[in-house]
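In: Sharing a sequence plus its predicted fold:
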Amino acid sequence: MKNITLKVNGKICELEVRDSELLIETLRERLGFLGTKYSCLEGDCGVCTVIVDGKNVLSCLMLSADCDGAEVLTIEGLGKDGEPHQLQKSFVEKGAVQCGFCTPGMILAAKALLDKNPDPTDKEIEKAIDGNLCRCTGYMKIVEAIKDASRKIKPNDQISISKR
Amino acid sequence: MNKNKTLSPVGKSVPRIDAREKVSGEAKYVFDMTFPGMLVGKMLRSPHAHAKILKIDTSKALKLKGVKAVITAEDTLKIKFGSNEFFFPYTVDQYPLEFEKVRYIGDEIAAVAAVDEETAKEALSLIEVEYEILSAVFNTVDAMKPGAPQIHSSMNNIGVMLPVSFGNPDKALKESDYVREDIFYLQSAAHCALEPHVSLGQYEVSTNKITLWTSTQAPFKVREAMAKVLKMATADIRVIKLNVGGGFGGKLEMLPMDFAACLLSKKSGGLPVKITCSREEEFSFTRRKHPMVYKLKSGVKKDGTIMAITGEVIADGGAYCSYGPTVIAAAIMRIFMVYKIENIRLMGFRVYTNNSISGAIRGFGGVQSGFAIESHMDMLARGIGMDSMEFRLKNATDPNTVTVNKLIISSNGLKDCIKKVGEACGWKEKNGKDKTDGDIVCGIGMGIAADVMGSKMYKSHESAGSIIKVEEDGSVYLFTGAADTGQGSDTALAQIAAQELGVAYERIRVKAADTETTPFDTGSFASRVTFISGNATKNAATDAKKQILEIVALELKCDSNDFDIHDECVVKKADNSKIMDFDKAIQLCYSFDYGRLIIGRGNYNPKTTPIDFRTGQGNVSGSYSFEAQVAEVEVNKKTGEVRVTKMYDVHDIGYPVNPASVHGQIEGSIVMGIGYTLYEDLKFDQGRVVNPSFSKYRLPRSIGIPKIESIFIETNDPQGPFGAKGMGESSLLPTAAAIANAVYDAVGVQIKDLPITPEKVLKALKEKEDRG
């Protein structure tokens, strides 16, 4: 057992975790962040993606004991004051959501991309979400939604027009 | 987001009704459900492919601390269940827990409920089972040999045998100018819904009732099967669906885990029991696609007329029958919707083996037959030197026709789909032309398909019902039994309800798929929901509207037939002049003078006729949808690698209730089809799935997905709600053949064995070269 402190969605959580406890277990079962789904527990599907210290990680492959002091962002923490994040809005508007099971992880993978690269090309988007499986959409509308969000998050994107 | 008012929403790409809660992480799936005191359930599965069960001893497991219940067949009534019981009672062949024999690796024989996962796993290991191993059989050829291990009591292990037979195909073959025979091989595949199967059962001791929350496409069907095996009144079993993380046909049946969760709850004094499949269990022990061998021998005239189609289909059904008859029927009968055929004889066989259970998967046998028939058609056209698009145009079915097997086809845009897809892709400029760039050769290929919307294979009727309740504050509740599993049916039904009632889409709240509180619906399969449940919903809205207008007419001392409701206003039909706001009309209904509660009800049963399963005659669906697809590929002659570079899909969907949703279904289907065509392959070794994980079973990922151009043909079906037809499956049907035909166009080899791997392409190229 180990005592750890996590900052989840901006709130400090002090917990005693088992040595073998996975971050996904801590988030879902101890802290009630059920928005984070999982589909394989083997690191193959990307469904359990969350953001830890600014990077998208698979919460099924991380031990909570190793996350002491980390800042974790789950889908529940993405919006602000009841207002959805632009990625969430774009996913809704562009029809990028079908069954929704991959959606939280997919959006967080996209968030990690846009934080690093605010104006990605389609190819860069495809590469960034290649670890996140979706069986419903065929990915087209997801890529479109991420592209849409990237444009709307940064309306003054003249600087990077040449890149496109 | 509810500030918006979308008036007349049918035909508009409104956001999904459930999208907001899904992007926020608030959407609840059964996967997320938990109750105080909830137990973890697990299934004990056979490690053997075929064995007699001699003894099961659960005493040690029961003594383990933390174990609350253990069940075997001795705790059950030993009643079999099956999915096609109404028409094929002989295919009812599975016990919820087996006790005489196990027939595949994974067959359920016991279940445990314990306080946590570790204890449940340990309890499974403490159950002692004595088996007598029997010889097993893993392919259809061996299974049908005399003296093969007998899996059930059926002769030669043939569990299902269905024919279609019309005209005189032998004579027509003789009269043909060109006859050819081909054999196609189709592999198994997995559904890979991201939410696994999960069942949460709770028994209520005081009332002897059961509630089951399950990740299902067909709650009413699960309820029916549960009632049968538990010998309970159906009304005493409540099945509830929440959000479902994908189904694709894999969640259409009661599984033993549904049953076990409920019985374990009963045995543990009413504590809720949750059973969740691991990903490995999903791949190995739920359902899978039927592998098939599809043999065809057909003849054509020089002018392209198809004279005769004959052949046989042999499917590996695995250990139990599941939806076998429907899959076989779909595999041999879909051709009638697509081609004008007078002379045909196809036999379909579904053979038991000791592999895992083959069942329903998006397309219901149509993906397999689509590949075989559409590849074969290209080869027939080639044999007479005819362009394959012209060949299809010549033989495609027409609107307002009755086919030889008595399908009643009303709206039919198939020929328009073919022409349009030809224009969109530039068929005439590209097909048959040499397009080589070093080792890379480009090719183009076509496939066409049609689909039902509903199939009377599960019950005597195919009805759905809807209830619409307008509250005092003007909000509208739609109660439907239809099961949205992510395809967007709740949204489409809300749009239909809003359109017909004359209110904004945002007013509608959908309460769906709870067997106790919503009307009956057979479920999400056979691309039926928009068409059948949509019509039921439209009828319920018509009824609610009539009730409102009656009150308005009473108040104004007019005839209610003179009024309608449009865009949130009661209007005069004659000149569309505004009489009063919808809200005002509702206030009137709920006023002192009238006190009228608005509750509309609707029902819809499509116009079909019974199918004669000795010939394949009968009108299976209320209407039919059609499409044509073109694939553009690049084949690397050095490596054999096939890359799909562009897909075109032109679809007669009647009318798109939600265009974005329809495109989404088409894109998802095509990508699923590309996966199956090029690499998806559920592999077995001696009955054991050897690739039961996402790392070993390759699924399409975001890199390498081609651009998909999807175009609608609007035929405004006379029976569809606002002209709409179903389309959830058909875009998957022609994809494999379109790609295979494009590979031929590129490099001159026709791959008849899926998946089209680089090895197969290289081998075929080498054989072609050797032949000179």
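Out: It's in. The structure displayed is predicted, hence computed values, not measured ones. Numbering: from 1, shown residues only, chains lettered A, B, ... in the order given.
In: For the spatially closest residue to residue B:88 that is not a sequence neighbour, give its distance to residue B:415.
Out: Closest residue in space to residue B:88, ignoring its immediate chain neighbours: residue B:325 at 4.5 Å, by Cβ to Cβ, 6 or more residues apart in numbering or on different chains. Any C-beta I mention is one placed from the backbone N, CA and C, and that applies to glycine too. For residue B:325, the distance to residue B:415 (Cβ to Cβ, to the nearest Å) stands at 32 Å.
In: who's more crowded, those two?
Out: Set residue B:325 next to residue B:415 and count neighbours by other Cβ atoms under 10 Å in any protein chain shown: residue B:325 wins out with 24 against 20.
In: distance between stretch B:668-681 and the chain's centre?
Out: 15 Å (Cα atoms, centre = their mean, to the nearest Å).
In: Tell me if it is near chain A.
Out: Yes. Residues of stretch B:668-681 are located near chain A by Cβ under 8 Å from any Cβ of the partner chain, namely B:668-672.
In: which bits of the stretch 551-700 of chain B sit near chain A?
Out: Counting by Cβ under 8 Å from any Cβ, the positions of the stretch 551-700 of chain B adjacent to chain A are B:660-661, B:663-664, B:667-672, B:693-695, B:699-700.
In: just checking, which of the residues you listed belong to helices?
Out: Applying DSSP state H to these, the entries found in helices are B:660-661, B:663-664, B:667-672.
In: ok, so of those, who is nearest residue B:551?
Out: Relative to residue B:551, the closest of those is residue B:661; by Cβ to Cβ it sits at 34.6 Å.
In: Quick one: the helices in chain A, in order.
Out: Going by DSSP H, chain A shows helices at A:23-25, A:86-93, A:103-116, A:122-128, A:140-153.
In: Let me see the domain layout of chain A.
Out: A:2-77, A:86-155 (automatic domain parsing).
In: which of the ones you listed is buried the deepest?
Out: domain A:86-155 (a mean of 23; mean count of other Cβ atoms under 10 Å in any protein chain shown).
In: Give me the distance between that domain and the centre of its chain.
Out: Centre-to-centre, domain A:86-155 and its host chain are 10 Å apart (Cα atoms, centre = their mean).
In: so whichever residue of the stretch 101-250 of chain B sits closest to chain A, which of the three states?
Out: Residue nearest to chain A within the stretch 101-250 of chain B (Cβ to the nearest Cβ): residue B:245, separated by 3.2 Å. Look at residue B:245: counting by DSSP: H, G, I helix; E, B strand; the rest coil, its state is coil.
In: Nearest residue to it in space, please, no chain neighbours.
Out: Leaving aside its sequence neighbours, residue B:245 sits nearest to residue B:195 (Cβ to Cβ, 6+ apart; 2.3 Å).
In: That neighbour contacts residue A:39, correct?
Out: Yes. Residue B:195 is within contact range of residue A:39, at 7.2 Å (criterion: Cβ atoms under 8 Å).
In: Wait, residue A:135 touches residue B:246, no?
Out: Yes. Between residue A:135 and residue B:246 a contact is recorded at 5.3 Å, counting by Cβ under 8 Å.
In: Pass me the low-pLDDT residue ranges in chain B, would you?
Out: In the predicted model of chain B, residues B:1-3, B:457 satisfy pLDDT under 70.
In: buried set for the longest helix along it?
Out: Counting by DSSP H, the longest helix found in chain B is helix B:534-556. For helix B:534-556, burial by neighbour count (16 or more other Cβ atoms under 10 Å in any protein chain shown) applies to B:534-541, B:543-545, B:547-553, B:555-556.
In: Phi, psi for the residue in chain B positioned nearest to chain A please.
Out: Nearest residue of chain B to chain A: residue B:25, at 2.0 Å (Cβ to the nearest Cβ). When read as degrees, to the nearest 10, the backbone of residue B:25 gives phi 80, psi 0.
In: quick one, what contacts it?
Out: Residue B:25 is in contact with A:33-36, A:74-76, A:104, counting by Cβ atoms under 8 Å, 6 or more residues apart in numbering or on different chains.
In: need these in CSV with distance to chain B and pLDDT, can you?
Out: Putting these into CSV (distance: Cβ to the nearest Cβ, whole Å; pLDDT from 0 to 100) gives the following:
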residue, distance to chain B, pLDDT
A:33, 7, 98
A:34, 4, 98
A:35, 2, 98
A:36, 7, 98
A:74, 7, 98
A:75, 4, 98
A:76, 5, 97
A:104, 5, 98
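In: how far is the helix or strand where residue B:55 lies from where the chain is centred?
Out: Counting by DSSP states H and E, the element that carries residue B:55 is strand B:51-57. For strand B:51-57, the gap between its own C-alpha mean and the chain's C-alpha mean amounts to 36 Å (Cα atoms, centre = their mean).
In: Give me the common contacts of residue B:195 and residue A:39.
Out: Shared contacts of residue B:195 and residue A:39, counting by Cβ under 8 Å, 6+ apart, come down to A:101, B:245.
In: one step back: turn the domains of chain A into CSV, columns for distance to residue B:222.
Out: What follows is those, written out as CSV (distance: least, Cβ to Cβ, whole Å):
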stretch, distance to residue B:222
domain A:2-77, 22
domain A:86-155, 18
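In: how about those domains, which one is nearest residue B:712?
Out: Residue B:712 lies closest to domain A:86-155 among those, at 15.0 Å (Cβ to Cβ).
In: how about the strands in the stretch 1-150 of chain B?
Out: B:39-45, B:51-57, B:67-72, B:101-102, B:108-114, B:128-133 (DSSP state E, counting those that start in this stretch).
In: Direction included, what does the last one pair up with?
Out: Meaning strand B:128-133. Partners of strand B:128-133 in the sheet, by DSSP bridges, are strand B:51-57 (antiparallel).
In: what's the partner strand in contact with?
Out: B:72, B:74, B:98-102, B:109-110, B:127-134.
In: quick one, what contacts residue B:196?
Out: Contacts of residue B:196 (Cβ under 8 Å, 6+ apart): A:39, B:31, B:215, B:276-279, B:281-282.
In: 6 Å instead?
Out: Contacts for residue B:196 (Cβ atoms under 6 Å, 6 or more residues apart in numbering or on different chains) come out as B:277, B:282.
In: One more: residue B:279?
Out: residue A:40.
In: Tell me the bridge partners for the closest residue to residue A:30 other than its chain neighbours.
Out: Counting by Cβ to Cβ, 6+ apart, residue A:15 is the residue found nearest to residue A:30 once chain neighbours are left out, at 6.4 Å. Under DSSP bridges, the beta-bridge partners of residue A:15 are residue A:4.
In: burial measure for the residue nearest to residue B:661 when sequence neighbours are not counted, as a count.
Out: Residue nearest to residue B:661 in three dimensions, not counting chain neighbours: residue B:488, with 4.2 Å by Cβ to Cβ, 6+ apart. Residue B:488: 29 surrounding residues under other Cβ under 10 Å.
In: got it, and residue B:9?
Out: 24.
In: list the contacts for residue B:598?
Out: Contact analysis of residue B:598 by Cβ under 6 Å, 6+ apart lists B:470, B:544, B:547-548, B:589.
In: Show me which residues of chain A sit near chain B.
Out: Chain A has residues A:34-35, A:39-40, A:42, A:44-45, A:47, A:75-76, A:88, A:91-92, A:95, A:97-104, A:126, A:129-130, A:133, A:135-141 near chain B, with proximity defined as Cβ under 6 Å from any Cβ of the partner chain.
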